[in-house]
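Enquirer: 3D model of this:
(2 chains)
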Amino acid sequence: MNKESILRNIGSLPNSTYVFVVITLVCAAGIPNFASANNISTLLQQSCILTLLSVAMALSIITKGIDLSVGGVVSFAGIIMALLMSSGAGEGLAILIGFIAAMVFGFLNGFIIVKLKVAPFIATFGMMGIAQGVANLLSNKRAIYLTDQAGLIKLRLIPFLRHNLLEIDLGGGQILGINMIVVITAAVLVLLLLLYKKTVLSAYMYALGNNAETAKLSNINVDFWNIFVYMLTGLLAGIASLLMLLRLNSAQPTAGDGLEFQAVVAAVLGGNPLSGGKGSLPGAIMGALTVFVVRNGLTLVGANSNFIMIILGVVLVLGMIMNDVASRGFKAKGACKQ
Amino acid sequence: MKNSFVVKDSIKTAAYNLSTLWILLAITVFFGIFGNNFLKGGNISNIINQAGFLAIIGVSQLVVILTGGINLSIGSCMALSTVLLGPLMLAKAEMPFALIFVMVVVCGGLIGIINGFMVTLLNIPAFLATFATMYVARGAAWLYIGKGVYYGINENIRFFATGVLFRIGTFRVTMPMVLAAVFLAGMAFFITKSNIGRKIYFTGSNPEAARFSGIPTQRIVIFAHILSGLISGFAGIMYVARINAADANLGVTYHFDAISVALIGGAIMSGGSGSIWGVAAGAVIISVIQSGMNNMQVPTELQTAFLGVLIIVAVCFNTFLQKKKIQNTERHITDLAGKTVKGGAQA
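Expert: Numbers count the residues shown, from 1 in each chain, chains lettered A, B, ... in the order given. The predicted structure is shown next:
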């Protein structure tokens, strides 16, 4: 590989990669406990949920839509799973039904957007309200715990999915742990990226996002693929809700509140412009990691969670500006391939 | 023959135009039959009282929807602007009402300016920009207030949200009703008769055409967001005065209420269509539904879900009506055109 091609490769990385590297270096240098093994383990584990959601968000954004209901679906599917488990249904079955419920929500999103021709943000915004309302109703506004005092419910799968797969003792109380949650996330992401890159999915999605009319004329079943993308988004939200269940050991009706906002921030930061037809999934992953590094760094410094919300809002605006500048820069150089 | 068609068409158009009223009538009859003591004077005055509050946030939403945008930050804007000035609103601060009112409203307007700039200068879609503001403003309100609330609001302020002017039987005419009526009349005049109001409509219905006819569309959009912020501030005072406390948690779900009121009132998401009186009717409808659901003891959690359904249905319904109206007008025009052609041939 000569020097030029290396440079070109670096140049074609998603913007969020640079932001991620810079912010991580700044945090590692400036915050004492940031680069410790313990913190990195928690950071990895905590960022899993957002990573999945931001990839889901990127999928919908690439097709020129948006899915604001992911947060609501995370709460809703989690409640369904926990309720089924605590009522004695098998864990595998409960998880499966939770996933199906999340996909049904995704299907409804897609149906309302495609068939009833409601703008994506308003349709999914309405669905967000529905999901939150149903989650509150089913749970009676209370958290549902997976282990009761009497220990009547014997869970096998959940503890397995939660345990640390690998623990490396680095000495001095520092343990670098790789959790099953991280493994699940990685597996889902790899599968998704394979599905995305190796099948027609990505080509169809870019076509959809760029110009739905042309896509239709090129004999792409636009309606089907659009609904499919929203179902995929729903499924990812369902998996995220399983991870949430694993992490909290309980399902809360407000577990997903505000997650859609963080997912949008992460996806936009990952170079997915809302105009659609452009964007990258790896970028969204890097975006989610960046958001989490920022959150983690601020928490370690002692910032309030509300302050973090404000910073995230600012990050969103900066991300939008960055995307704008980047696309203008490419156009000026004539390097824009899309 | 032709004449009867025209009459039929105009009746149809009128029926479409008054569709909100038909819905209102239908649900009122429904709850009147199935509810318990629903149509009593006391309950009706409660409904209208509540509708007054909803109408104000509905108008706040409408002015932005008219330009083709949306404002998701209304609830947070209400919370932040009242929480920031919460200490001054307390009874012990003894500040004059007018001063506090102006300060809170201006504070809401400042949040509106931020929204407006994000939408126009930074080119961020309105729903995303205001979505960010929704979380940022709420976070700022929490950050400012910590864990407490400002309890015990000045009586002068409270009067505007809880005062009863006089009674007709069990029907109470309250201060919010009067305020809302005056506000709606003023806004209706402003938005339909004033220069800038017409420009808001024009900008929303066709931004390109508006720009080419020399309307500063960007400035109009910023203005609409500022106006929305100002009205949110006003709504914030009303709500704070009613619950007697300024709290960062104020109106967490009001973005849903505001959107559903505006949409049921006939506003169309792409902009340029919708009216103040539609919003008023929408507010009464939502208020009747909420009161009716409470009356029939539907759990409050279901009501958010119901508003979500209502928003989606309203959007579909409005698009359908719009299409019908356009079809009607087109047929009307072809009818008229046919007449003139025929008339010309005869002559």
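
Enquirer: Would you map the strands across the chain?
Expert: This is for chain A. A:144-145, A:164-169, A:175-179, A:250-251 (DSSP state E).

Enquirer: not quite, I wanted chain B
Expert: B:150-151, B:164-168, B:171-174, B:245-246.

Enquirer: what lines up beside the second one in the sheet?
Expert: Strand B:164-168 has these partner strands in its sheet, going by DSSP bridges: strand B:171-174 (antiparallel).

Enquirer: if we can go back for a sec, between the strands of chain A, which gets nearest to A:Ile227?
Expert: strand A:250-251 (27.4 Å; CB to CB). C-beta: built from backbone N, CA, C; applies to glycine.

Enquirer: Report whether that closest one contacts chain B.
Expert: No. Strand A:250-251 does not reach chain B (CB under 8 Å from any CB of the partner chain); its nearest approach is 15.3 Å.

Enquirer: Can you tell me which helices and strands that strand packs against?
Expert: With contacts defined as 3 or more CB pairs under 8 Å, 6 or more residues apart in numbering or on different chains; DSSP states H and E, the packing partners of strand A:250-251 are helix A:70-86, strand A:144-145, helix A:222-248.

Enquirer: Repeat the analysis, applying 10 Å as the threshold.
Expert: Judged by 3 or more CB pairs under 10 Å, 6 or more residues apart in numbering or on different chains; DSSP states H and E, strand A:250-251 is in contact with helix A:70-86, helix A:120-139, strand A:144-145, helix A:222-248.

Enquirer: Mean neighbour count and distance to A:Ile285 added to these, as CSV?
Expert: Formatted as CSV, the helices and strands packed on strand A:250-251 follow (neighbours: other CB atoms under 10 Å in any protein chain shown; distance: least, CB to CB, whole Å):
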stretch, mean neighbour count, distance to A:Ile285
helix A:70-86, 28, 16
helix A:120-139, 25, 22
strand A:144-145, 17, 30
helix A:222-248, 24, 12
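
Enquirer: Least confident of those, on average?
Expert: For the helices and strands packed on strand A:250-251, mean pLDDT drops lowest on strand A:144-145, to a mean of 84.

Enquirer: what lines up beside that strand in the sheet?
Expert: strand A:250-251 (antiparallel).

Enquirer: which intervals of chain B have sub-threshold pLDDT?
Expert: For chain B, applying pLDDT under 70 flags the ranges B:1-7, B:9-10, B:12-17, B:339-347.

Enquirer: mind running it again at 50?
Expert: Along chain B, segments meeting pLDDT under 50 span B:1, B:346-347.

Enquirer: ok, for the residue sitting nearest the centre point of it, nearest residue in space, not its chain neighbours?
Expert: Ranked by distance to the mean C-alpha position of chain B (CA atoms, centre = their mean), the top residue is B:Gly58 at 1.1 Å. With CB to CB, 6 or more residues apart in numbering or on different chains as the criterion, B:Gly58 has its nearest non-adjacent residue at 3.3 Å, and that residue is B:Val261.

Enquirer: Repeat that for A:Glu167.
Expert: Nearest one to A:Glu167, counting by CB to CB, 6+ apart, is A:Gly177 at 4.9 Å.

Enquirer: what are the bridge partners for B:Phe166, then?
Expert: With DSSP bridges as the rule, B:Phe166 is bridged to B:Val173.

Enquirer: distance of it from B:Asn294?
Expert: B:Phe166 sits at a distance of 26 Å from B:Asn294 (criterion: CB to CB, to the nearest Å).

Enquirer: Look up how far A:Leu146 lies from the residue nearest to A:Glu167.
Expert: 21 Å.

Enquirer: So B:Phe166 and B:Asn294 - more neighbours on which side?
Expert: B:Asn294 (13 against 8; other CB atoms under 10 Å in any protein chain shown).

Enquirer: looking at it, that one is touching B:Leu302, isn't it?
Expert: No. At 11.2 Å, B:Asn294 and B:Leu302 do not qualify as touching, with contact defined as CB atoms under 10 Å.

Enquirer: related to what we said a few turns ago, let's have the helices and strands packed on strand A:250-251 in JSON lines, adding distance to B:Ser73.
Expert: Output for those, formatted as JSON lines (distance: least, CB to CB, whole Å):
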{"stretch": "helix A:70-86", "distance to B:Ser73": "17"}
{"stretch": "helix A:120-139", "distance to B:Ser73": "13"}
{"stretch": "strand A:144-145", "distance to B:Ser73": "32"}
{"stretch": "helix A:222-248", "distance to B:Ser73": "24"}
